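**Student:** can you look at this prediction? I've put the sequence above it.
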Amino acid sequence: MFKNDFASLARPAILPDASNRQGLPAFASVGDVLNAYEGDDAIFVLYPKKIAAAARTFLNGFPGTVLYAVKANPHPAVIKTLWTSGIRNFDVASTREVDLVRSIAPHAKLFLMHPVKSRATIRQAYEAGVRDFSFDSAEELQKMLEETGYAPDLTFHLRLALPKGNAAMPLSGKFGADRATAIELLKAARPHVAQLGVTFHVGSQCLDVEDYGRALSWVRSIVDDADVEIDSVDCGGGFPVAYPGMSHKPMGNYFAAIRTALRENGFDGLQILGEPGRALCAQGGSTLTRVELRKGADLYINDGSYGSLFDAAQCAWKFPVKLHRATPRIAEANEPFRFFGPTCDSLDVMEGPFELPGDIAEGDWIEVCHLGAYGQALSSRFNGFYSETTVAVMA
C-alpha cells in the first residue's frame, strides 16, 4: 500500500495519542501521503488537530453537555481523538455503536437517542450501561419500559417534531411527536422515569441561528400545556460547516442564540445537551481521489457517490476541492468540472461544478475537503470500488 520508507515522511514526535493508538499511518502533509502511496484506491484523510480544535470550540462555547453523534464518523481514530480532547458523552443509535464506543472509551456516557429501536437493542443497551433513551410514540415508550423491566434509573428524552426551519436538510419528516401527541407522551412518561427530557433537531446544516430560539420556544409551549416538570432539554445537532454556497454565522453566534433562548424560556436551570456530529468532524476529514480520465469538463475519478461523495451526488453539495499534482507544473486558471465516479452506474455523478485548474489531467489527485462527516461513514463497497486506506495528516 505504502512504500517501505513511508515512515521517514511522518513526524511521530508530534502525533497525538489518538493517531498512535489507532495505528494510522501519519504524515506531515498530503504531499507526503501521495509520495508514499502505491495503492490504486482513493485515500481517506483525517486531520486530528482539526477535530480536536472543533471539540474545544464546543466544550468551551456550547452552554451545556456536548454529545458526539457517532453516526457522523465512527472511525476509531475520530472517537479516540474526541475522547482525548475532552468529549465524554456520545450519541449512539445501535448496539454496534454502543460496542464500538465502549471498546475505545469504556468510561464514556452513552445516550441512545434513536427514537425507534428494536427490543433487543433496548435490552442490550441497558445491559451495557445505557440509561438515556429517546422516544416519539406511545408504542416506543411502552417498549422501552418493558425491555428495561421498568427500571428506576431511566432517563427518557421525548423527540419533538418541529415546524419547518431553514436547515439544508430538514429532519422532522421521519421522527418526532407532533404537538398534541407530545403533550400526552410527557404526561404518560413522567411517572415511570427518574428523569424526563425533551429533545429536538432543527435539521442538518442549519444556516439560521434563530431556528434554535424558535425551537426552544416551541418546547416551552408544549411543556407548559402538558403541565409536566422536565429535567433536561437536548438541542440536538444541525450545527453547520462552511461548504461552498452555504454561508453561516460563526459558531459562537449559535451558542449565544441558544443561551439567550434558554434563559428567555426558563430552561437555563435544567441540564442542557447538544449533539454535534458534522460540526465536530467534517473539517477534520477529506478524500484524496485520483483522476483516471478527462473528457473535456468531465473528470472520471476513483471515488464517487457510492464512496464518500454521496452528498455531492444526491444532495448536489459543492465540497471544497484542492488539486495535488502528479507532476509539479504551473497551474492554469480555474475552470468548472463535473465528476464521474468509478462504478458502472450512470447515477455515479457529482454535478458540482467543482472549480479546479484548467490543465488538470490523468494522474492528478483531487482533495475533496470537509468529508470527515458522513462522507467516509457512508462509503460502500459497490461494484468492488472502495478504500480501506485511512491516514492521519498532522497539519
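**Tutor:** Ah, there it is. This one's a predicted model, so the numbers in the text were calculated from it and none came from an experiment.

**Student:** kindly state the beta-bridge partners for the closest residue to residue 230 other than its chain neighbours.
**Tutor:** Among residues not flanking residue 230 along the chain, residue 196 sits closest, at 5.3 Å (CB to CB, 6 or more residues apart in numbering). In short, each C-beta sits where N, CA and C put it, glycine included. Note on residue 196: beta-bridge partners by DSSP bridges are residue 156.

**Student:** in contact with residue 196, which residues?
**Tutor:** The neighbours of residue 196, taking CB atoms under 8 Å, 6 or more residues apart in numbering as the test, are 155, 156, 157, 158, 186, 189, 190, 228, 229, 230, 231, 232.

**Student:** now do residue 69
**Tutor:** Residue 69 sits next to 91, 237, 275, 276, 277 when contact means CB under 8 Å, 6+ apart.

**Student:** what's the pLDDT at it?
**Tutor:** At residue 69, the pLDDT value in this model is 97.

**Student:** quick thing: my sequence starts at 11, can you match it?
**Tutor:** Shifting the count to begin at 11 puts that one at residue 79.

**Student:** could you pull out the strands in the stretch 161-310 of the chain for me?
**Tutor:** 165-169, 177-179, 205-209, 214-216, 242-244, 281-284, 295-305, 308-311 (DSSP state E, counting those that start in this stretch).

**Student:** contact partners for residue 172?
**Tutor:** By CB under 8 Å, 6+ apart, the contact list for residue 172 reads 182, 186, 210, 211, 212, 224, 225, 228.

**Student:** so residue 385 touches residue 316, yeah?
**Tutor:** No: contact status for residue 385 versus residue 316: not in contact, 11.8 Å apart, counting by CB atoms under 8 Å.

**Student:** higher neighbour count, these two?
**Tutor:** residue 385 (28 against 22; other CB atoms under 10 Å).

**Student:** how near is the closest residue to the more buried one other than its chain neighbours to residue 256?
**Tutor:** Leaving aside its chain neighbours, residue 385 sits nearest to residue 318 (3.7 Å; criterion: CB to CB, 6+ apart). As for residue 318, its distance to residue 256 is 18 Å (criterion: CB to CB, to the nearest Å).

**Student:** in terms of neighbours, single out the busier of those two.
**Tutor:** More crowded of residue 318 and residue 256, by other CB under 10 Å: residue 318, with 29 against 13.

**Student:** beta partners for residue 256?
**Tutor:** residue 253.

**Student:** what residues are up against it?
**Tutor:** Contact analysis of residue 256 by CB under 8 Å, 6+ apart lists 178, 215, 217, 250, 327.

**Student:** and those residues, which is closest to residue 45?
**Tutor:** Nearest to residue 45 among these, counting by CB to CB, is residue 327 at 29.9 Å.

**Student:** do you know the pLDDT at that closest one?
**Tutor:** Predicted confidence (pLDDT) for residue 327: 88.

**Student:** my guess is it meets residue 320, correct?
**Tutor:** No: counting by CB under 8 Å, residue 327 stays clear of residue 320, with 9.4 Å between them.
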